[in-house]
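Student: Whatever this is, show me its structure:
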Amino acid sequence: MENGRVTPETVVDILSLFIRVIIEQIWYQFELYPRESFNKYTFYGFQVNSSRHPGVISYLDEFVKNLKKLMKNGLITRLFLEIFSNKKCKYSFGFSFKNSLLFEQLKNDTQFIDFDYSSNEMFDSFTLINELKSLLYSIINDYSNLSIENSNEVGNFKILISTTDDLQISSNNDWIMEKHNNISDNNSTQNDEFFWNVDLNSFKNVDLGYLKIRSYLAVHKN
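Tutor: Have a look, this model is predicted:
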């Protein structure tokens, strides 16, 4: 990362690493895996948790490998992590990457992944990491204030990835960002929104031009 400049491939590596860390913090907070199976460590100044179970590590390694492949081909649109209690979706974390110029360019030209931007200020590692740190802080701060209804089931979650703009991709009403992209993809001045039987809390936006992330936590009142 000479002079703080990075290639598109490094952006993908950094973003996928942050997503992995975010997922593990959610697993820990909602006790989807036993908390005693996690180790604490420092990640860019944050104290975070990481599973030490070989099966979980292997699952995450494979997930990140596939996530990177989608990103490098510009096919990532949205990502969801849904948490279930008594076979019903109780919490949904959603992340929209729509209108990110990086992924739009990669979709049209996969060779762009190796483009050298060392003399250009477009991909600045300092700004990128600070924006993603702000997002991570926003997520941790938001769910820490929740009164969480824990499930007796371990590992009761789904991770879903959308690679299309088709708003009717899923008939599942829990896919809020698929069904109602006006909430997730547009700027909002409200931190707490209500939509039917869902409390929707928006996280910190990431606005870097080449990378845009809109994200939320939905609490389903079912």
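Student: So in terms of bridging, what pairs with Asn49?
Tutor: Assessed by DSSP bridges, Asn49 has beta-bridge partners Lys40.
Student: Could you measure from it over to Ile23?
Tutor: 11 Å (Cβ to Cβ, to the nearest Å). Glycine gets a C-beta too; all of them are placed from N, C-alpha and C.
Student: ok, now Asp207?
Tutor: Distance from Asp207 to Ile23, by Cβ to Cβ: 22 Å.
Student: So the two - more neighbours on which side?
Tutor: Ile23 (19 against 12; other Cβ atoms under 10 Å).
Student: who's in contact with the more buried one?
Tutor: Leu60, Leu81, Ile159 (Cβ atoms under 8 Å, 6 or more residues apart in numbering).
Student: Shouldn't it be within a helix?
Tutor: Yes. Counting by DSSP: H, G, I helix; E, B strand; the rest coil, Ile23 falls inside a helix.
Student: elements contacting the one helix or strand Glu82 maps to?
Tutor: Here Glu82 sits within strand 78-85, counting by DSSP states H and E. If contacts are counted by 3 or more Cβ pairs under 8 Å, 6 or more residues apart in numbering; DSSP states H and E, strand 78-85 sits against helix 8-29, strand 88-96, strand 157-162, helix 176-179.
Student: partners of the second one in the sheet?
Tutor: For strand 88-96, the pairing partners within the sheet under DSSP bridges are strand 78-85 (antiparallel), strand 212-220 (antiparallel).
Student: nearest to Lys133, of the ones you listed?
Tutor: Ranking those by proximity to Lys133 (Cβ to Cβ) places strand 212-220 first, at 12.7 Å.
Student: angle of the closest one against helix 8-29?
Tutor: If you take axes from the mean of the first three to the mean of the last three Cα atoms, to 10 degrees, strand 212-220 sits at 20 degrees to helix 8-29.
Student: And the average pLDDT for strand 212-220 is what?
Tutor: Strand 212-220 carries an average pLDDT of 92.
Student: Pull the residues that contact it.
Tutor: Taking Cβ under 8 Å, 6+ apart as the rule, strand 212-220 contacts 88-100, 135, 139, 142-143, 146, 174, 176-177, 183-186, 197-206.
Student: same thing with stretch 6-22?
Tutor: 1, 43, 48, 50, 60, 63-64, 67-68, 71-72, 79, 93, 95, 102, 105-106, 112-117, 123-125, 128-129, 132, 135-136, 139, 210-211.
Student: mind listing which of the residues you listed are in helices?
Tutor: Those of those mapping onto helices are 60, 63-64, 67-68, 71-72, 102, 105-106, 125, 128-129, 132, 135-136, 139, per DSSP state H.
Student: Count the neighbours of Asn197 for me.
Tutor: For Asn197, using other Cβ under 10 Å, the count is 10.
Student: Spatially nearest residue to it (excluding sequence neighbours)?
Tutor: Lys221 (4.7 Å; Cβ to Cβ, 6 or more residues apart in numbering).
Student: same check, this time on Thr127
Tutor: Leu208 (6.8 Å).
Student: Wait, that neighbour touches Ile129, no?
Tutor: No. Leu208 is beyond contact range of Ile129, at 11.1 Å (criterion: Cβ atoms under 8 Å).
Student: Right, I'll call it a day here.
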